[in-house]
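Trainee: Pasting the sequence and the predicted coordinates here, then a few questions.
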Amino acid sequence: MHGEPQKEHLWLQQLLGAWTYEGEGFAGPDQPPEKMSGSETVRTLGGLWIQIEGRAPGPGGAEMSSIITLGYDPAKQSYVGSFIASVMTMMWLYEGQLDESGKVLTLDARGPVFGVEGKWADYQDIVTIVDRDHWRLSSQVKGDDGKWTQFMSSEHRRVKA
């Protein structure tokens, strides 16, 4: 069960540190985007995993907390992880791949369609490395027509010490 960090694990290490972010989420097709902002602290767990702890104003103004775990599973040859948040009961499970450029990590997940009881859909969270101090996160859902629709995006900037 002992693992040594591989190049895929090292890729995740570039996210270590303190970050702030700003972005917008789309509540629905007939509604304007909602602005959001928050902070994140990213730590390593033994060089094999990272843990992203986020804090942001949530619905109704109460603070929302979230935790993302990401690692690489050599047996699956995939990045794997999870997402939980203080405002939902669903634990999202990720599996994904890095693109050929080495800058874009696409994480696939399956989860409930927001606002539709009993219906599930495919989702993607996409991490794009812009540079050492800037990364982007976008989230999209696959519709019944097979097309992806982005519903959230955020720009993450390293906090300078």
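Mentor: Looks like it arrived, so ask away. These figures come from a predicted structure and were not determined experimentally.
Trainee: contacting residues for the most centrally placed residue in the chain?
Mentor: By Cα atoms, centre = their mean, the chain has its centre lying nearest to Asp125, at 5.2 Å. For Asp125, the contacting residues are Phe83, Tyr94, Thr106, Leu107, Ala109, Leu137, Ser138, Ser139, by Cβ atoms under 8 Å, 6 or more residues apart in numbering. (Glycine included, C-beta is placed from N, CA and C.)
Trainee: Please repeat the previous calculation with a cut-off of 10 Å.
Mentor: 68, 81, 83, 92, 94, 96, 105-109, 137-140, 152 (Cβ atoms under 10 Å, 6 or more residues apart in numbering).
Trainee: Could you do Leu70 as well?
Mentor: 9, 11-12, 15, 42, 49-52, 79-83, 94, 96, 105, 107, 127 are the contacts of Leu70 under Cβ under 10 Å, 6+ apart.
Trainee: Ok, Val159 next?
Mentor: Applying Cβ under 10 Å, 6+ apart to Val159 gives the contacts Gly17, Ala18, Trp19, Thr20, Ser39, Glu40, Thr41, Asp133.
Trainee: ok, of those, which come out buried?
Mentor: By neighbour count, with 16 or more other Cβ atoms under 10 Å, those hold Gly17, Trp19, Glu40 as buried.
Trainee: ok, those residues vs Gly3, which is closest?
Mentor: Nearest to Gly3 among those, counting by Cβ to Cβ, is Gly17 at 23.1 Å.
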